[in-house]
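[1] Output the structure for:
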Amino acid sequence: MPVKIRLTRQGRKKRPYYHIVVSDSRAPRDGRFIEKLGNYDPNTNPATIELDFGKSLDWVLKGAQPTDTCRAILSYKGVMYKKHLVEGVRKNAFSEEEAEKKFSLWLTGKEAKIQAKISSLDQKKSDSKTKAMEHEAKVNEARAKAIAKKNAKLAESAAGKVAEEVAEEENAVETVEAPALETPVAEVAAAPVEAPVAEAAAEEAEKPANSEEKESEA
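    Alright, predicted model coming up:
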């Protein structure tokens, strides 16, 4: 029976994760499987891989054929390299101790690379966050300057309008004319004062003279 190491899809829409399983090559992708070897989550960076190393190596040595993605996963975790070393020991190319030393060196280097990648990603995230904060600060500063400039223009415009209104009111007060008097004060002062009492006395003085003239004529 041909056996494959493949992925079976799990998770929700647009957020998949996978089980690494050993199954019959004739079975559906997400159908029945013989044994579960681990999990693979591509949604993280770097991808999260949980793998039973011993079982995976055992199935590979038995002839189970991994799919392309599973082969990449097994190579990433060192299963394929370990298989190569085991076959070298079987062929007496080197001893088992040398194989273990080689694998230990490879594993140390691999872990260092993984840790360096994680540190690099963390540094990039930190730099990106810092740049985003600096950009946000610049945007806020520019916005504050624009608002202050706008407020200054509004205040200047309001002050100009008030000054114009005050000037218009002053001009209106200056242009108002005082009502003209019919008889100027100077003419009133210069006009002769009538003497009604003197005229009445003169009329009384003329009356007896007229009466005497009338009597003499008689």
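
[2] The lengthiest helix in the chain - what's its average pLDDT?
    Criterion DSSP state H: the longest helix present in the chain is helix 96-175. For helix 96-175, mean pLDDT is 84.

[3] again with stretch 64-77
    Mean pLDDT, stretch 64-77: 93.

[4] re the thing from before, show me what the longest helix of the chain is packed against.
    Here helix 96-175 touches helix 79-90, going by 3 or more C-beta pairs under 8 Å, 6 or more residues apart in numbering; DSSP states H and E. Glycine gets a C-beta too; all of them are placed from N, C-alpha and C.

[5] Put the alpha carbons of the helix it packs on into PDB.
    Output of helix 79-90 as PDB, limited to C-alpha atoms (Å, rounded to 0.1, in the frame of the first residue of the first chain):
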ATOM      1  CA  VAL A  79      14.200  14.800   9.400                       C
ATOM      2  CA  MET A  80      15.500  14.500   5.900                       C
ATOM      3  CA  TYR A  81      19.100  15.200   6.900                       C
ATOM      4  CA  LYS A  82      18.900  12.700   9.700                       C
ATOM      5  CA  LYS A  83      17.600  10.100   7.200                       C
ATOM      6  CA  HIS A  84      20.700  10.900   5.100                       C
ATOM      7  CA  LEU A  85      23.000  10.400   8.000                       C
ATOM      8  CA  VAL A  86      21.300   7.100   9.000                       C
ATOM      9  CA  GLU A  87      21.700   5.800   5.500                       C
ATOM     10  CA  GLY A  88      25.300   6.800   5.600                       C
ATOM     11  CA  VAL A  89      25.800   4.800   8.800                       C
ATOM     12  CA  ARG A  90      24.100   1.800   7.200                       C
END
